[in-house]
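*Asks:* predicted structure and sequence below. I'll ask about it afterward.
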Amino acid sequence: MLQSHSHIPMNKPVYEALTFSFYVFLTLAALAYTFWSMIDWPKAFEEVPTAETVFIEQTKIPEKVTRTGDQVVTKLYRLSQEGVPIEVDGQLYRTDLDVKKFQSRVLLNAKYEEQHVIDADGTISKVIFKKI
């Protein structure tokens with residue numbers, strides 16, 4: 001009668017050799033993964049902006065600064081805190097009373113170009129918004 005090979009027990013030295021080989025393979029795979037991932041780390045860190053690269057790459061000042069009408073109105077409501085007169089399309093706002101009277105002239109959905117008038121000592125003496 002023929003016996004099936006599936007019931008023949010594997011002898012102990014062969015089993016231990018296969019188990020040992022499997023664990024050696026796992027250890028080598030883990031070491032290889034660690035090694036290769038460490039090689040990729042510097043590449044990943046090159047893509048993360050640092051304070052130096054942000055300063056170098058993002059110091060370009062846009063030629064025209066634009067604001068929405070909502071932002072202009074917000075700036076008007078901070079007029080008394082900042083103490084700098086604001087002119088919007090020819091209307092000068094110096095006090096909170098000016099803001100209450102003439103704020104409705106600012107179109108909330110419009111785009112405005114922002115400019116600053118700077119004194120000789122370098123301080124902003126007036127902010128000007130012109131509708132684009």
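*Replies:* Thanks, I have it. Since the structure is predicted, the reported quantities are computational estimates derived from the model, not experimental observations. Numbers count the residues shown, from 1 in each chain.
*Asks:* show me the shaky parts of the chain.
*Replies:* 1-10, 40-63 (pLDDT under 70).
*Asks:* for it, what spans make up the helices?
*Replies:* Under the criterion DSSP state H, helices of the chain are mapped to 12-47, 51-57, 69-77, 79-82, 96-102.
*Asks:* how's this structure carved up into domains?
*Replies:* In terms of domains, the chain is parsed into 8-47, 65-131 (source: automatic domain parsing).
*Asks:* pick the most buried one from these.
*Replies:* Between those, domain 65-131 has the highest mean count of neighbours, a mean of 14, where neighbours are mean count of other C-beta atoms under 10 Å. From N, CA and C alone the C-beta is placed, and that goes for glycine too.
*Asks:* any idea how far apart the tips of that domain sit?
*Replies:* With C-alpha to C-alpha, to the nearest Å as the measure, domain 65-131 spans 12 Å from end to end.
*Asks:* repeat for stretch 89-106
*Replies:* Start-to-end, stretch 89-106 (C-alpha to C-alpha) is 8 Å.
*Asks:* same question for stretch 74-84.
*Replies:* 14 Å.
*Asks:* how far off centre is it?
*Replies:* 28 Å (C-alpha atoms, centre = their mean, to the nearest Å).
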